[in-house]
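[1] Whatever this is, show me its structure:
(chains A, B, C and D)
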4 protein chains.
Amino acid sequence: MKVFETELTVRYCETDQMGIVHHSRYYPWFEVGRTEFFTSGGLSYGEMEKQGLMLPLVETHCRYIIPAKYEDVVVIKTSIKELSPVKIRFSYDVVRKSDSALLAVGETLLAFTNTEFKPVNLKKYKPDIWEYVCNMK
Amino acid sequence: MKVFETELTVRYCETDQMGIVHHSRYYPWFEVGRTEFFTSGGLSYGEMEKQGLMLPLVETHCRYIIPAKYEDVVVIKTSIKELSPVKIRFSYDVVRKSDSALLAVGETLLAFTNTEFKPVNLKKYKPDIWEYVCNMK
Amino acid sequence: MKVFETELTVRYCETDQMGIVHHSRYYPWFEVGRTEFFTSGGLSYGEMEKQGLMLPLVETHCRYIIPAKYEDVVVIKTSIKELSPVKIRFSYDVVRKSDSALLAVGETLLAFTNTEFKPVNLKKYKPDIWEYVCNMK
Amino acid sequence: MKVFETELTVRYCETDQMGIVHHSRYYPWFEVGRTEFFTSGGLSYGEMEKQGLMLPLVETHCRYIIPAKYEDVVVIKTSIKELSPVKIRFSYDVVRKSDSALLAVGETLLAFTNTEFKPVNLKKYKPDIWEYVCNMK
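    Numbering: from 1, shown residues only, chains lettered A, B, ... in the order given. Here you go, the predicted structure:
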């Protein structure tokens, strides 16, 4: 199983008045992780959309262990947990770079759909992309 | 079990280039739902924070059924699924007002902590707030 | 000159670690103000987009006077400051409802364009919408 | 005049249903630009806050020239346009890396305040930070 690493620095606007990163802000980090993972093999996420493949979210989950704070450098470790011709499940570890502490773990399930959000069998709909995604695993 | 309803209109900035509401944007809606629920009994969420009680998120989950779109009016139906002196679990139904379609269901688990994010037993730490929260159920 | 009023309650996720509303968050409020203003006459902003009219932002400006805080109820007072067949300038007052204090004033300039973001003369491109917008003033 | 450069890749969540980056999202980029600029000399923005110096926004302005799109790599070029013991004005150029096209230009005015948001004369309030900031110019 491949693990793809993305490094981010917490932005000021991602904090809330508790002085920590707002819980909803981890999901855009996961998104950065998986889209850079997609793109890393040579076919960008944006290009997939242009070819008519959408990946709407079906399910998102996050467990928060230690609050991330402003200016923390975090590493998003993304991997594919489950893959079928109709869906793909990613899992994420959010690790603080300075001490390798695990801050949060997450999962997202995405469907393969056409531009009208109708589910598709990726193997049949876009065999090239299917093969590409299989090689990511 | 009480169900608290909050009505929202989808904002333009909540959409993404798929033309639907970005998945991370449902969590601030849940937040509006539960904080208004808290506040509805007379003690505001902000007042609880001023009294030294924080409610950081421990876990968030959402399942997306039908995409919410710009200008949709949605109703967030919030209820307390689980309550103990150390944590509180809310569940949410997101319903499209025009046709009562269920767009998404979610859950969030929050811990009761002091301002240093140390877990507290709410029953002992702030008996008045504990009683208040018990009455919300 | 018409002034259109929209009432909002500050959301928790709109605050940052300074304990006040993040400055970038006023712009989505302005957006709510002007889109509800557009929609108030019977033709929704979303419908305009479906008819092929885009209104990308050309310029945004905000001056912050008193910080908005979590749970504040604010009123966005929106008016059209300038209108021509190629652009429209809105101005906004953000007023705290409890004491009518002026929290911020803003302006946004929007261009009328087609779906490829090419500037259009609205009077010629969509005469019906042009007339509709003129009546908003 | 120093120009500090920060490189960012447009995130999916920063787009809206027009298929371009939402106008409000440029302001967090400016924030990344100026806080990294602050931090680049050895004293982090977060550390300044811990020492009791707040820099709330007094004014923000942005002019949008070419829409930024998903996956664009953009360079934020930040410089100090004006500095006095009570305020600091930054200006920003947002440049698309692939072809050096100028996408947007912005400005933000920040006040020096204490933690109660009372304006301070930085030269007297925190002479060390004042000297540090003067050296940034």
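
[2] rest of the way, CA atoms for contacts and neighbours
    OK.

[3] and the residue lying closest to A:G41 once chain neighbours are set aside, how many neighbours?
    Excluding the flanking residues, the one nearest A:G41 by C-alpha to C-alpha, 6 or more residues apart in numbering or on different chains is A:M136, at 7.3 Å. Using other C-alpha atoms under 10 Å in any protein chain shown, A:M136 has 17 other residues around it.

[4] quick one, what contacts A:M136?
    Contacts for A:M136 (C-alpha atoms under 8 Å, 6 or more residues apart in numbering or on different chains) come out as A:K2, A:F38, A:G41.

[5] Quick one: name the residues of chain A near chain D.
    A:R11, A:Y12, A:C13, A:P28, A:E31, A:V32, A:G46, A:Y70, A:E71 (C-alpha under 8 Å from any C-alpha of the partner chain).

[6] Which ones among the residues you listed lie within helices?
    A:P28, A:E31, A:V32, A:G46 (DSSP state H).

[7] Which of those residues has the largest number of neighbours?
    Result: A:V32 is most packed of these (other C-alpha under 10 Å), 22 neighbours.

[8] pretty sure it contacts D:T9?
    No. A:V32 is not in contact with D:T9 according to C-alpha atoms under 8 Å; the separation is 9.4 Å.

[9] Now for the residue nearest to A:T6 when sequence neighbours are not counted, how many residues are close by?
    Distance criterion C-alpha to C-alpha, 6+ apart; nearest residue to A:T6, sequence neighbours excluded, is A:I76 at 5.1 Å. By other C-alpha under 10 Å, the residues close to A:I76 number 28.

[10] Over to the residue in chain A that chain C sits nearest to: give its phi and psi.
    Going by C-alpha to the nearest C-alpha, chain C is nearest to A:D16 of chain A, at 3.9 Å. Main-chain torsions, A:D16, degrees, to the nearest 10: phi -130, psi -170.

[11] Quick check: it vs chain B, distance?
    11 Å (C-alpha to the nearest C-alpha, to the nearest Å).

[12] remind me, longest strand of chain A?
    Secondary structure assigned by DSSP state E gives strand A:73-84 as the longest strand of chain A.

[13] Against which helices or strands is that strand packed?
    The helices and strands touching strand A:73-84, judged by 3 or more C-alpha pairs under 8 Å, 6 or more residues apart in numbering or on different chains; DSSP states H and E, are strand A:4-9, helix A:26-40, strand A:87-96.

[14] and stretch A:93-102, anywhere near chain B?
    No. Contact of stretch A:93-102 with chain B (C-alpha under 8 Å from any C-alpha) is absent, the minimum separation being 13.7 Å.

[15] Restricting to C-alpha, output that stretch in CSV.
    The C-alpha trace of stretch A:93-102 is given here as CSV (Å, rounded to 0.1, in the frame of the first residue of the first chain):
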residue,chain,number,x,y,z
ASP,A,93,-3.2,10.4,9.1
VAL,A,94,-2.5,14.0,10.2
VAL,A,95,0.9,14.1,11.8
ARG,A,96,2.6,17.2,13.4
LYS,A,97,6.0,17.4,11.8
SER,A,98,7.9,18.8,14.8
ASP,A,99,7.4,15.7,17.0
SER,A,100,5.5,13.2,14.8
ALA,A,101,2.5,13.4,17.1
LEU,A,102,-0.7,12.0,15.5
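
[16] List of residues touching it?
    A:65-66, A:68, A:72-78, A:103-106.

[17] Can you give me every residue that contacts the residue of chain A most remote from its centre?
    Distance from the centre of chain A peaks at A:Q17, with 26.2 Å (C-alpha atoms, centre = their mean). By C-alpha under 8 Å, 6+ apart, the contact set of A:Q17 is C:Y12, C:T15, C:D16, C:Q17, C:M18, C:G19, C:I20.

[18] Swap in 10 Å and give it another go.
    Neighbouring residues of A:Q17 by C-alpha atoms under 10 Å, 6 or more residues apart in numbering or on different chains: B:49, C:12-22, C:69-70.
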